[in-house]
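**Q** here you go, sequence then predicted model.
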Amino acid sequence: MNLITPIQLRNKLKNNDDFQLIDIRESYEFEDGAIAELNIPLDEMMSSLDKITKDKQVVIYCKSGNRASSIIYMLEKKHQYTNLYNLEGGYTAFLEIE
């Protein structure tokens, strides 16, 4: 599984790199603060494949990285995604570098 560190993600955001960022936490978690503009809760991911690009890097994150790891595994195995990255340590780790 591909990983991206919080520092690498911060740099991608600062550089305005062309990639997709998806928050898979529940709506109430997303509303409390987020990095991404796109929120697709974990239980909606498999029915929202049309929202996940295959044309560029996609960074998926949750609170700690565990839920993101699970959904990335499923997307790679069942739908042949090869461009997915899990934010190491999730949203919590990203907040620690800010």
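**A** Happy to help now that I have it.
**Q** okay, CA-based contacts and neighbour counts for the rest of this
**A** Noted.
**Q** and the biggest helix by length in the chain, how far out from the chain's middle?
**A** If you go by DSSP state H, the chain has its longest helix at helix 66-79. Distance of helix 66-79 from the chain centroid (Cα atoms, centre = their mean, to the nearest Å) equals 11 Å.
**Q** what do you get for stretch 40-53?
**A** 11 Å.
**Q** try stretch 16-35
**A** 7 Å.
**Q** who's the residue positioned nearest the centre of the chain bridged to?
**A** Residue closest to the average C-alpha location in the chain (Cα atoms, centre = their mean): residue 60, at 1.1 Å. Beta bridges link residue 60 to residue 22, residue 86 when assigned by DSSP bridges.
**Q** got a list of what residue 82 touches?
**A** Residue 82 makes contact with 54, 76, according to Cα atoms under 8 Å, 6 or more residues apart in numbering.
**Q** so residue 64 sits against residue 89, correct?
**A** Yes - contact criterion Cα atoms under 8 Å: residue 64 and residue 89 qualify, at 4.8 Å.
**Q** so these two - more neighbours on which side?
**A** residue 89 (20 against 17; other Cα atoms under 10 Å).
**Q** measure the more buried one to residue 54 for me?
**A** From residue 89 over to residue 54 the distance is 24 Å, taken as Cα to Cα, to the nearest Å.
**Q** which residues of the chain fall in helices?
**A** 6-14, 27-31, 66-79, 90-97.
**Q** Serialize the ones you listed to CSV and add fields for mean pLDDT, distance to residue 21 and mean neighbour count.
**A** Formatted as CSV, the helices of the chain follow (pLDDT from 0 to 100; distance: least, Cα to Cα, whole Å; neighbours: other Cα atoms under 10 Å):
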stretch, mean pLDDT, distance to residue 21, mean neighbour count
helix 6-14, 98, 10, 14
helix 27-31, 97, 13, 13
helix 66-79, 97, 12, 16
helix 90-97, 97, 12, 16
